[in-house]
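**Q** When you get a sec, could you give me coordinates for this:
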Amino acid sequence: MKLCIAEKPSVAREIAQIIGAKSRRDGYFEGNGYQVSWTFGHLCTLKEPHDYTGRWKYWNLHELPMIPKRFGIKVIEDEGVQKQFNILQSLIEKADQIINCGDAGQEGELIQRWVLTRAKNKAPIKRLWISSLTEEAIREGFNKLMESEDFDKLYEAGSARAIGDWLLGMNATRLYTLKYGQNKQVLSIGRVQTPTLAMIVERQLEIENFKPQPYWEIKTLYRETVFSATSGRFQKPEDANTVLQEISGQDLYIGKIETKNSNEHPPRLFDLTSLQIECNRKFNLSADETLKTIQSLYEKKVTTYPRVDTTFLSDDIYKKVPATLKNLKAYENLTTPILQAGKIRKSKKVFDNKKITDHHAIIPTGISRIDLSDAEKKVYDMVTRRFIAVFYPDCKIANTTIEATIANHKFKTTGKQILKPGWRVVFQNDSTSNEDRILPEFRTGEHGPHQPDLQEKQTQPPNYFTEATLLRAMETAGKNMDDDELRELMKENGIGRPSTRANIIETLFRRKYIRKERKRLVATPTGIDLISSIENELLKSAELTGQWERKLKQIESGELEIAQFMDDLKTMVWEVITQVKQSPRKEITIIEEVKPEPKKKEKKKTTNLPIEQLNCPKCKTGNLIKGKSAWGCSQWKDGCKFVAPFKYFNKKLTDKQIHDLISKGKSSLIKGFQFDSLKAAGRLVFDEEFTIKLHPEITDDTICPKCNSGKILKGKTAWGCSNFKNCDFRIPFEM
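**A** The predicted model follows:
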């Protein structure tokens, strides 16, 4: 039997349907020579300090640093996790072959390998490596299963990252908490978290300490066009006034007019970070919200794998482009010109095998769904338009510079004219596409009166970080870069991975180190004090931390041995601890967490509401509406397919039973369900996709309704007949 292990139940279900494992069991699917099971993300984790020695159970400055001789893993202490791991372990012991179907990335590899290691797997392993969850991609992946050994370096890099975060996080957090914490307040320190906080704090202090300097500028209006003095800023008002007096009452003369035609390339395809930046800028979605949205689109098969750090496609994708474009039916007005033009454009700025690591850029798959939420529609549209745009011609523009003279003083104005829109037609309704200033037609030698203006201004401090600009700074190790190509080069030194940056920002919010003021990210007194107490630059330097990220990538590519990385990290931990132990104690402002109000009163109000006023448990936005045979969601037109039937397993449900299920997530014990002539009691619950399931409860002395001789007994995965040799009656624990 071949055992496939996916990273979550929904993906396992998709794979099982495609490969023919259609029989549902407790914790897995089975059929056609396959068993398909799943994890819930991480089932295993690195052992905690107290798992190594009792001395590390208590926080003690003298016990630092904590450096285990050999790191171990354990199953996460959670009842649901333990149950699923036990199911997997049992399946692994009997498997002839394991197929690792985890997410195709560093974290996905780590999750699977830890489970297989902990379960002491001895079966050979193959790797499913796909970039989308479409049926075509899954079938193609199973036809080209890869050797597990090909991903050993990927696993090493993931393992080094996890151990590195443990070593620095566990030791530095205990160190700073014991040295500077108050009233048992934990001060969290992290390899990526702390330099990210440092960037926010340093920017904020720069703004707060900024002293504006006044300066003066002279501009003048001629034929509805603003010309600026080429002399630039005046530091003294009297110098500016002198020029103003000299040009007042004098004609402006148009001099040299220079026009340069150039091409603007289409914007690059999205990687995760650039998508998060654009969604924050346009829709005010947080990095975490964008990640969850694009992950959902991936699981709904409409976009490709999202946790990527490249904006390029591999050459083999090119032959699939026509089919994908044809399938984007909602965008036919934009795709038809490409398909009818003949050969589709293939640019080196889009297709480049050398720029591909694990996956290619985020693109649509060509599959359409009608059940997308409002946020999913916006993000999908953004991804799809970028994909379409890269196959359009360049936008042809004319950049015009016009020089002018007033009483021997030189002035200048610039403008842009779009000659052929090219790819810009794909974004013609985008408000950002109308920012270019179009100049009227001027002739050299023409002259006339103008309206001069002396403007007093002040130098401005840098802007506060937003989530968009912080993500870009994390990607480029704190360096401000607007150029796409320079950003690509800096990605090797970025801090954090695209898939983890959103979580790092959320952690800073959760720890009360930062807060949000409109779009601004503002450091709290705790965050500022914590960074000021850190003397070791290694802990808070974005650039140095970026170098660590580069080493992790070198482990992944085989350029660096994991042992060297670990030795460097252990040295760093020793240096940090020695320095802090010798430093004078400082007081750090602690912001108490605001405890949420008790929810008991809210629950009372909710349970008293009629069903029509309850929120839909699936989409959380719609209300319940009564149909002919079931309750449904008022947002059904927007794609929410939640349904609660009036009758289930031949049992008519009361309004009270349906109310309990919707408001509490499970019903009380209900009697009278019927299954193959057997009447049984049970509880109704929701699965992870808010489909209603029945958990039957059967007494052990119940007579089997099929053979009328055996009794119903509880087995490992189902209820069955005690006369099982002659009777195959069976009821799963979940129906």
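**Q** Going by C-alpha atoms from here, please, whenever you check contacts or count neighbours.
**A** OK.
**Q** Give me the most central residue, the protein.
**A** residue 291 (2.5 Å; CA atoms, centre = their mean).
**Q** In the stretch 1-150 of the chain, what residue spans correspond to helices?
**A** 9-19, 49-52, 79-94, 106-118, 135-143 (DSSP state H, counting those that start in this stretch).
**Q** now this structure, which segments are flagged as low pLDDT?
**A** For the chain, the stretches flagged by pLDDT under 70 are 183-184, 357-358, 429-437, 478-493, 591-609, 638, 676-677, 699-701, 716-717.
**Q** Let's see that with 50 instead.
**A** In the predicted model, the chain carries pLDDT under 50 at residues 431-435, 594-596, 598-607.
**Q** ok, now which ones touch residue 213?
**A** 458-459 (CA atoms under 8 Å, 6 or more residues apart in numbering).
**Q** For the residue in the chain sticking out farthest from the centre, what is the enclosing helix or strand?
**A** For the chain, the residue at maximal distance from the C-alpha centroid (CA atoms, centre = their mean) is residue 249, at 59.8 Å. Counting by DSSP states H and E, no helix or strand carries residue 249.
**Q** Could you double-check that it lies in contact with residue 449?
**A** Yes: using CA atoms under 8 Å, residue 249 makes contact with residue 449 at a distance of 7.4 Å.
**Q** circling back to that earlier point, for residue 262, find the nearest of the helices of the stretch 1-150 of the chain.
**A** Proximity to residue 262 (CA to CA) singles out helix 135-143 among these, at 39.9 Å.
**Q** So for stretch 566-584, what gets flagged as buried?
**A** Of the residues in stretch 566-584, 566, 569-570, 572-574, 576-577, 580-581 count as buried by neighbour count, 16 or more other CA atoms under 10 Å.
**Q** In the chain, where's the longest helix?
**A** The single longest helix within the chain, with elements called by DSSP state H, is helix 152-180.
**Q** Helix 106-118 and that helix, what's the angle between them?
**A** 90 degrees (axes from the mean of the first three to the mean of the last three CA atoms, to 10 degrees).
**Q** any idea how far the residue farthest from the centre of the chain lies from residue 255?
**A** In this view, residue 249 and residue 255 are 19 Å apart by CA to CA, to the nearest Å.
**Q** ditto for residue 5
**A** 72 Å.
**Q** who's more crowded, the two?
**A** Counted by other CA atoms under 10 Å, residue 5 and residue 255 do not tie: residue 5 has more neighbours, with 27 against 19.
**Q** so what's that one up against?
**A** By CA under 8 Å, 6+ apart, the neighbours of residue 5 are 12, 36-39, 98-102, 112.
**Q** Wait, residue 88 touches residue 37, no?
**A** Yes: Residue 88 is within contact range of residue 37, at 7.0 Å (criterion: CA under 8 Å).
**Q** Now, the buried residues of stretch 566-584 that are in helices?
**A** 566, 569-570, 572-574, 576-577, 580-581.
**Q** Nearest to residue 29, out of those residues: which one, please.
**A** Closest to residue 29, out of all of these and judged by CA to CA, is residue 566, at 40.2 Å.
**Q** quick one on the thing from earlier: would you turn the contacts of residue 5 into CSV with distance to residue 411?
**A** Shown next, in CSV, are the contacts of residue 5 (distance: CA to CA, whole Å):
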residue, distance to residue 411
12, 67
36, 72
37, 72
38, 69
39, 67
98, 73
99, 70
100, 67
101, 65
102, 62
112, 66
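**Q** ok, back up a step: out of the helices of the stretch 1-150 of the chain, which one sits most buried?
**A** Among the helices of the stretch 1-150 of the chain, helix 106-118 has the highest mean neighbour count (mean count of other CA atoms under 10 Å), at a mean of 21.
**Q** and it, how far out from the chain's middle?
**A** 20 Å (CA atoms, centre = their mean, to the nearest Å).
**Q** Renumber starting at 30 from here on
**A** Yes, from this point I'll number from 30; that puts the last item at helix 135-147.
**Q** So which elements touch that helix?
**A** For helix 135-147, the packing partners by 3 or more CA pairs under 8 Å, 6 or more residues apart in numbering; DSSP states H and E come out as strand 73-75, strand 102-104, helix 181-209.
**Q** which one of those lies closest to residue 390?
**A** Evaluated with CA to CA, the helices and strands packed on helix 135-147 place helix 181-209 nearest to residue 390, the distance being 19.2 Å.
**Q** Please name every helix or strand in contact with the closest one.
**A** So helix 181-209, by 3+ CA pairs under 8 Å, 6+ apart, packs with strand 73-75, helix 135-147, helix 571-586, helix 591-611.
**Q** Let me have these in JSON lines, extended by distance to residue 639.
**A** Output for those, formatted as JSON lines (distance: least, CA to CA, whole Å):
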{"stretch": "strand 73-75", "distance to residue 639": "43"}
{"stretch": "helix 135-147", "distance to residue 639": "44"}
{"stretch": "helix 571-586", "distance to residue 639": "54"}
{"stretch": "helix 591-611", "distance to residue 639": "59"}
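**Q** Quick one, which of these gets closest to residue 650.
**A** Between residue 650 and those, the shortest gap by CA to CA is with helix 135-147, which sits at 31.8 Å.
**Q** and the direction of that closest one versus that of helix 571-586, what angle?
**A** Going by the same axes, to 10 degrees, helix 135-147 makes 60 degrees with helix 571-586.
**Q** follow-up on the earlier one: using JSON lines, lay out the buried residues of stretch 595-613 together with distance to residue 327.
**A** Output for the buried residues of stretch 595-613, formatted as JSON lines (distance: CA to CA, whole Å):
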{"residue": "595", "distance to residue 327": "35"}
{"residue": "598", "distance to residue 327": "36"}
{"residue": "599", "distance to residue 327": "38"}
{"residue": "601", "distance to residue 327": "39"}
{"residue": "602", "distance to residue 327": "39"}
{"residue": "603", "distance to residue 327": "43"}
{"residue": "605", "distance to residue 327": "41"}
{"residue": "606", "distance to residue 327": "43"}
{"residue": "609", "distance to residue 327": "45"}
{"residue": "610", "distance to residue 327": "48"}
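**Q** quick revisit: and the residue farthest from the centre of the chain, what is it in contact with?
**A** Taking CA under 8 Å, 6+ apart, one finds residue 478 in contact with residue 278.
**Q** go on, the one 3 residues further on?
**A** Going by CA under 8 Å, 6+ apart, residue 281 touches 251, 433-435, 476-479.
**Q** Just the buried residues of the residues you listed.
**A** Listed as buried from the contacts of residue 281 are 251, 433-435, 476, 478-479; burial here means 16+ other CA under 10 Å.
**Q** which stretches of the stretch 530-679 of the chain form strands?
**A** Using DSSP state E, counting those that start in this stretch, the strands of the stretch 530-679 of the chain run over 543-546, 549-552, 653-655, 659-662, 672-674, 676-677.
**Q** Of those strands, which is nearest residue 59?
**A** From the strands of the stretch 530-679 of the chain, taking CA to CA, the stretch that ends up closest is strand 676-677, at 25.7 Å.
**Q** The closest one: how far from the chain's middle?
**A** From the chain centre to the centre of strand 676-677 is a distance of 39 Å (CA atoms, centre = their mean).
**Q** which is the next helix or strand following it?
**A** Following strand 676-677 in sequence, per DSSP H and E, is strand 680-681.
**Q** Contacts made by that next one with the rest, please.
**A** 675, 701-703.
**Q** Can you flag the buried ones in the residues you listed?
**A** By 16+ other CA under 10 Å, these give 675, 701-702 as buried.
**Q** okay, those in a markdown table with distance to residue 753 next?
**A** Listed next are the buried ones among the contacts of strand 680-681 as a markdown table, based on distance: CA to CA, whole Å:
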| residue | distance to residue 753 |
| --- | --- |
| 675 | 34 |
| 701 | 25 |
| 702 | 23 |
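**Q** Tell me the one of these nearest residue 188?
**A** Nearest to residue 188 out of the buried ones among the contacts of strand 680-681 is residue 702 (CA to CA; 49.1 Å).
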